[in-house]
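> Got a predicted structure plus its sequence, pasted below:
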Amino acid sequence: MLGKNITEVRKSKKLSQAALGKLIGTSGDVVGRYERGSISPSIEAVTKIAEALGVSIDYLVGNTTVEIDTKMLDRMKKIGEMPSEEQVIVYRVIDSLLREYNTRKSYE
C-alpha cells in the first residue's frame, strides 16, 4: 500500500524517482525500492516523503483514502484556532457550498 501510494502521488506531481529522492535526501534507486516494497522506509523517510509530496502520512500508509494536502491541513488548523462562534460560521458556509455543489452535480 505504501509503495503504491508513493508511486501514485509522485506521478500525479510529475516527479521522477530521482527528483523525489533528491527532495528527501536519498537516491532515485532507493525511492524505487520503496515503491516496489523491496525495502521499507523509516518513519523519518516516510515523513520526508509525505512533506515532499504535500500529503499526509496517513494517506501514504493507507490509513485514509482521502488525500489531504498540506494546504488543506493548514486551513483546517487555522479554522481550529478560531473562536468557536466563528468556527460555526465557517462550517455553515462550507456546508452551504457543499449542498450547492451536490445539487448541481445531481442535475448533471
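The structure has been received and is ready for your questions. The structure presented is a predicted model; accordingly, all values stated were derived computationally and were not measured.

> separation between the residue nearest the centre of the chain and residue 99?
Nearest to the mean C-alpha position of the chain, counting by C-alpha atoms, centre = their mean, stands residue 55 at 2.1 Å. From residue 55 across to residue 99, the span is 27 Å (C-beta to C-beta, to the nearest Å). C-beta: built from backbone N, CA, C; applies to glycine.

> and what of residue 75?
Counting by C-beta to C-beta, the gap from residue 75 to residue 99 is 20 Å.

> between those two, which one's more packed in?
Each of residue 75 and residue 99 has its neighbours counted (other C-beta atoms under 10 Å); residue 75 has more, 13 against 10.

> Which secondary structure element is home to that one?
In this structure, residue 75 sits in helix 70-80 according to DSSP states H and E.

> gap between the helix or strand just after that helix and the chain center?
On the C-terminal side of helix 70-80, the closest following helix or strand by DSSP H and E is helix 84-107. Relative to the centre of its chain, helix 84-107 is centred 22 Å away, using C-alpha atoms, centre = their mean, to the nearest Å.

> Give the rounded mean pLDDT of helix 84-107.
The pLDDT scores in helix 84-107 average 94.
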